[in-house]
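Enquirer: Here is my input, please return the structure:
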Amino acid sequence: VTCNAHGYVNELDLSMFGLTGELPADIGCFPFLQTFYANNNQMTSPIPDEICNLTTLKYWQMVDAGLIGDLPTCMCTMEYLQYAYLSYNMITGEIPDCVNQMTYLREIHLDCNLLEGPVPTEFD
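Expert: Purely as a prediction, here's the structure:
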């Protein structure tokens with residue numbers, strides 16, 4: 001856990017903690033979080049919509065974390081998201097159409113999931 005000069009959490013690394021269960025909705029209660037890592041865990045968790053409350057998030061990494069279910073369409077409101085690494089999970093459904101309109105998004109890694117449907121071909 002790293003905090004900024006004002007004492008707010010701006011980086012949270014929960015990688016390889018052996019986490020199980022679901023990612024709590026409380027994850028959305030970090031208004032200044034810029035970096036969130038939770039790689040290599042054993043959760044069985046949908047991505048809670050509350051993750052979209054992390055409007056200052058730039059780096060989101062949950063590779064091989066145990067994510068299941070659809071990507072929340074509200075992720076497109078994560079205005080400053082630049083890098084999303086969500087590979088090697090069991091994410092299903094389609095990639096939200098709005099992803100190609102995310103201004104700062106540079107990379108999104110969704111390989112080795114159970115996605116269906118078209119892949120956005122270009123980013124504006």
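
Enquirer: count of neighbours near Val119?
Expert: Counted with other C-beta atoms under 10 Å, the neighbours of Val119 add up to 10. C-beta here means a position set from N, CA and C on the backbone, and glycine is covered the same way.

Enquirer: Next one: the spatially closest residue to it that is not a sequence neighbour from Leu86, what distance?
Expert: Nearest residue to Val119, sequence neighbours excluded (C-beta to C-beta, 6 or more residues apart in numbering): Ile95, at 6.3 Å. Distance of Ile95 to Leu86, computed by C-beta to C-beta, to the nearest Å: 10 Å.

Enquirer: What of Thr121?
Expert: Going from Thr121 to Leu86 by C-beta to C-beta gives 19 Å.

Enquirer: Looking at these two, which has the bigger crowd around it?
Expert: Shown here are Thr121 and Leu86; by other C-beta under 10 Å, Leu86 has more neighbours (22 against 6).

Enquirer: residue contacts, the more buried one?
Expert: Residues in contact with Leu86 (C-beta atoms under 8 Å, 6 or more residues apart in numbering) are Trp60, Gln61, Met62, Val63, Leu67, Leu71, Ile108, His109, Leu110, Asn113.

Enquirer: most neighbours, which of those?
Expert: Neighbour counts for the contacts of Leu86 were taken using other C-beta under 10 Å; the highest belongs to Met62, with 27 neighbours.

Enquirer: Pretty sure Asn113 is one of the things the residue nearest to Val119 touches, is it not?
Expert: No: taking contacts as C-beta atoms under 8 Å, Ile95 lies outside contact range of Asn113: 9.8 Å.

Enquirer: Having no further points to raise, I will conclude here.
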